[in-house]
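Q: Using only what follows, build the 3D model:
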Amino acid sequence: MKAKVETPLDDELRPEYDETVLKDGVRGKYAERYRRRTNVVLRAPDVAAAFPSADAVNEALRLLMKVAQQSVMAAGAQ
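A: Sure, this is the predicted structure:
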(Lines give C-alpha, C1' and ligand atoms only; values in the text may rest on other atoms or scores of the structure.)
Protein backbone atom coordinates (compact mmCIF):
# COMPACT_ATOMS: atom_id res chain seq x y z
CA MET A 1 0.00 0.00 0.00
CA LYS A 2 1.22 3.48 -0.86
CA ALA A 3 1.96 5.86 1.98
CA LYS A 4 0.03 9.12 1.94
CA VAL A 5 2.20 12.02 0.88
CA GLU A 6 1.58 15.14 2.92
CA THR A 7 1.64 18.39 1.00
CA PRO A 8 1.62 21.89 2.51
CA LEU A 9 -1.93 22.38 1.22
CA ASP A 10 -2.94 18.78 2.12
CA ASP A 11 -5.73 18.56 -0.41
CA GLU A 12 -6.73 16.44 -3.39
CA LEU A 13 -4.61 18.31 -5.91
CA ARG A 14 -3.20 15.94 -8.49
CA PRO A 15 0.57 15.48 -8.39
CA GLU A 16 1.01 16.79 -11.95
CA TYR A 17 -0.19 20.26 -10.90
CA ASP A 18 2.31 22.64 -9.38
CA GLU A 19 0.70 24.02 -6.23
CA THR A 20 3.18 26.90 -6.05
CA VAL A 21 1.57 28.34 -9.19
CA LEU A 22 -1.92 27.98 -7.76
CA LYS A 23 -1.36 29.31 -4.23
CA ASP A 24 -1.62 33.02 -5.10
CA GLY A 25 -4.92 32.74 -6.97
CA VAL A 26 -7.65 35.28 -6.31
CA ARG A 27 -11.06 33.84 -5.54
CA GLY A 28 -13.86 35.54 -7.46
CA LYS A 29 -11.50 37.58 -9.63
CA TYR A 30 -13.93 37.60 -12.56
CA ALA A 31 -17.19 37.32 -10.59
CA GLU A 32 -18.27 40.93 -11.11
CA ARG A 33 -17.53 40.80 -14.85
CA TYR A 34 -19.57 37.59 -15.08
CA ARG A 35 -22.49 39.15 -13.20
CA ARG A 36 -22.58 42.14 -15.55
CA ARG A 37 -22.82 39.86 -18.59
CA THR A 38 -25.49 37.52 -17.31
CA ASN A 39 -29.11 38.07 -16.47
CA VAL A 40 -30.69 34.96 -15.08
CA VAL A 41 -34.30 35.07 -13.96
CA LEU A 42 -35.93 32.16 -12.19
CA ARG A 43 -39.58 31.69 -13.04
CA ALA A 44 -42.11 30.63 -10.45
CA PRO A 45 -43.78 27.29 -11.24
CA ASP A 46 -47.08 28.89 -12.28
CA VAL A 47 -45.29 31.34 -14.59
CA ALA A 48 -43.14 28.53 -16.03
CA ALA A 49 -46.33 26.62 -16.86
CA ALA A 50 -47.71 29.60 -18.78
CA PHE A 51 -44.37 30.51 -20.42
CA PRO A 52 -42.41 27.27 -20.93
CA SER A 53 -39.45 28.79 -22.80
CA ALA A 54 -37.28 31.88 -22.88
CA ASP A 55 -38.78 32.78 -26.25
CA ALA A 56 -42.29 32.69 -24.81
CA VAL A 57 -41.26 34.93 -21.92
CA ASN A 58 -39.52 37.39 -24.25
CA GLU A 59 -42.52 37.53 -26.58
CA ALA A 60 -44.88 38.24 -23.68
CA LEU A 61 -42.60 40.93 -22.26
CA ARG A 62 -42.25 42.62 -25.66
CA LEU A 63 -46.03 42.68 -26.00
CA LEU A 64 -46.33 44.14 -22.49
CA MET A 65 -43.75 46.84 -23.34
CA LYS A 66 -45.67 47.72 -26.51
CA VAL A 67 -48.99 47.99 -24.64
CA ALA A 68 -47.38 50.09 -21.89
CA GLN A 69 -45.79 52.42 -24.45
CA GLN A 70 -49.10 52.86 -26.28
CA SER A 71 -50.83 53.56 -22.97
CA VAL A 72 -48.29 56.26 -22.10
CA MET A 73 -48.59 57.81 -25.57
CA ALA A 74 -52.40 57.78 -25.33
CA ALA A 75 -52.31 59.41 -21.90
CA GLY A 76 -49.96 62.11 -23.18
CA ALA A 77 -52.21 62.90 -26.15
CA GLN A 78 -55.17 63.76 -23.91
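
Q: Now do the SS call for residue 46.
A: helix (DSSP: H, G, I helix; E, B strand; the rest coil).

Q: And for residue 51, the neighbour number?
A: Burial of residue 51, expressed as a neighbour count using other CB atoms under 10 Å, amounts to 16. Where C-beta positions appear, they are placed from N, C-alpha and C, glycine not excepted.

Q: cool, and residue 78?
A: Burial measure for residue 78: 4 neighbouring residues, criterion other CB under 10 Å.

Q: Equivalent analysis for residue 36, please.
A: When neighbours are defined as other CB under 10 Å, residue 36 has 8 of them.

Q: Next, it: phi, psi?
A: Backbone dihedrals for residue 36, given as degrees, to the nearest 10, come out at phi -70, psi -30.

Q: how far away is it from residue 30?
A: Using CB to CB, to the nearest Å, one obtains 10 Å as the distance from residue 36 to residue 30.

Q: what does residue 67 give?
A: Distance of residue 67 to residue 30, computed by CB to CB: 39 Å.

Q: Check which helix or strand residue 58 maps to.
A: Secondary-structure assignment from DSSP states H and E places residue 58 in helix 54-77.

Q: I would like the residues contacting that helix, please.
A: With contact meaning CB atoms under 8 Å, 6 or more residues apart in numbering, helix 54-77 is reached by 41, 43, 51.

Q: if I look at the second one, how far off is residue 52?
A: In this view, residue 43 and residue 52 are 9 Å apart by CB to CB.

Q: How about residue 67?
A: Using CB to CB, residue 67 is found at 22 Å from residue 52.

Q: now swap in residue 72 and tell me
A: 30 Å.

Q: next one: residue 19
A: Summarising the geometry, the distance separating residue 19 from residue 52, computed by CB to CB, is 47 Å.
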